[in-house]
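Asks: Turn this into a structure:
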Amino acid sequence: MPVTDGTAVSEPPVIPGVRRSFITARDVRFHVTEAGPVDGRPVVLLHGWPEHHYAYRHLLADPPDGLRIIAPDLPGYGWSGPAPHRWAKEDVASDVLALLDALGLGRVLLVGHDWGGYVGYRMVLREPERFDGYLVLNMAHPWVPVPTVLRHLWRFLTYQPLVATVGVPLQQRTKFLERLIGAAITDHGAFDREAVRIFADRFRDPVCARAATDTYRTFWLREVPDAARNPERRRITIPIRAVFGVEDVAVHPSLAAADTAKADDYTFEPVTGCGHFVADERPDIIRARLIELAAATK
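Replies: Prediction:
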């Protein structure tokens, strides 16, 4: 792969009309981007890898009426400070819950994509009373049967072991992320090269590169074995709306199937002609489903 100069993006990308702040919670210095009325109904948006808050740039630039859009960079990602742990998802869930406390938020609507979706499930399972509803994007739910996981294990093995082992130099010094993101996009007209650059370049920062590597290393060394020994049995009672770009090469739609979800109110919406980055490729659908979920959970 071509070698880059290793220069990280130093300033957050411009999004018209947003408010930015730094808030410390559980020893993480969170970078938080907000839009919409400060007294509006709070909606917390969690991104995945290899992204940051800019994954939700469309909602931030044009927040739905009455909604306060809150998009933190997860610990070690974007412009947030490093995590004081090795990115165990339960630890990150604790970090984000502490951030909600620091922001003075009670009940919120939650949106999560990719690893943000994984963390979101941890939060909703642990403290369901804090959430009115959950809009989850291209992420497996916690109850996937083992045979289904095994059928699609090859997808994870195509890139995750690389990130878990040599992820720091890979992200900092090569075009690995540009190629990976490009391969995961179906509609290149909706997810342009400049947005790809904004995401990939941030992971040239050593803090971000390390956080991403820890994300996958902890997943394989701790979380996969733990899930095998102790499968999730808790049931979720709040409304869950799963929106899924079905051309996803990383996460197969069967990993989020409604018939295996242990939830009282779970719907699965396939989005054709769309890959893994559904919030980037189909922001109109995400906006519409968020408005519908907000209306249904007043």
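Asks: how about low-confidence regions in the protein?
Replies: 1-9 (pLDDT under 70).
Asks: any chance you could map the helices in it?
Replies: 57-61, 89-102, 115-126, 146-151, 153-157, 160-173, 176-184, 193-202, 206-218, 224-229, 278-281, 283-296 (DSSP state H).
Asks: Pull up the gap between A190 and E178, please.
Replies: Separation of A190 from E178 (Cβ to Cβ, to the nearest Å): 17 Å. In this view, the C-beta of every residue, glycine as well, is placed from N, C-alpha and C.
Asks: hang on, the earlier thing: among the helices of the chain, which is the most enclosed?
Replies: helix 278-281 (a mean of 26; mean count of other Cβ atoms under 10 Å).
Asks: what's that one packed up against?
Replies: Judged by 3 or more Cβ pairs under 8 Å, 6 or more residues apart in numbering; DSSP states H and E, the packing partners of helix 278-281 are strand 240-245, helix 283-296.
Asks: Just tell me which of those ends up closest to E11.
Replies: helix 283-296 (23.0 Å; Cβ to Cβ).
Asks: Now do the closest one: which elements does it pack against?
Replies: Against helix 283-296 (3+ Cβ pairs under 8 Å, 6+ apart) you get strand 41-46, helix 57-61, strand 108-113, strand 131-137, strand 240-245, strand 266-271, helix 278-281.
Asks: Tabulate those (TSV), appending distance to T260.
Replies: Formatted as TSV, the helices and strands packed on helix 283-296 follow (distance: least, Cβ to Cβ, whole Å):
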stretch	distance to T260
strand 41-46	23
helix 57-61	29
strand 108-113	19
strand 131-137	14
strand 240-245	12
strand 266-271	10
helix 278-281	20
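Asks: and I185, which of the ones you listed is closest to it?
Replies: Nearest to I185 among the helices and strands packed on helix 283-296 is helix 278-281; the distance by Cβ to Cβ comes to 6.7 Å.
Asks: Need the CA coordinates for the closest one. PDB is fine.
Replies: Taking only C-alpha atoms (Å, rounded to 0.1, in the frame of the first residue of the first chain), the coordinates of helix 278-281 have been written out as PDB:
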ATOM      1  CA  VAL A 278     -26.100   3.900   5.800                       C
ATOM      2  CA  ALA A 279     -26.100   7.300   7.600                       C
ATOM      3  CA  ASP A 280     -23.600   8.700   5.000                       C
ATOM      4  CA  GLU A 281     -25.300   7.100   2.000                       C
END
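Asks: what about it, distance to the chain center?
Replies: Using Cα atoms, centre = their mean, to the nearest Å, the mean C-alpha position of helix 278-281 is found 12 Å from that of the whole chain.
Asks: what's in contact with that helix?
Replies: Contacts to helix 278-281, defined as Cβ atoms under 8 Å, 6 or more residues apart in numbering, come from residues 55-56, 58, 113, 137-138, 185-187, 190-191, 195, 243-245, 271, 274-275, 285-286.
Asks: can the helices and strands packed on helix 278-281 go into CSV with extra columns for distance to G17?
Replies: What follows is the helices and strands packed on helix 278-281, written out as CSV (distance: least, Cβ to Cβ, whole Å):
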stretch, distance to G17
strand 240-245, 25
helix 283-296, 16
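Asks: Select, out of the ones you listed, the one closest to A212.
Replies: strand 240-245 (21.1 Å).
Asks: No more questions from me, cheers.
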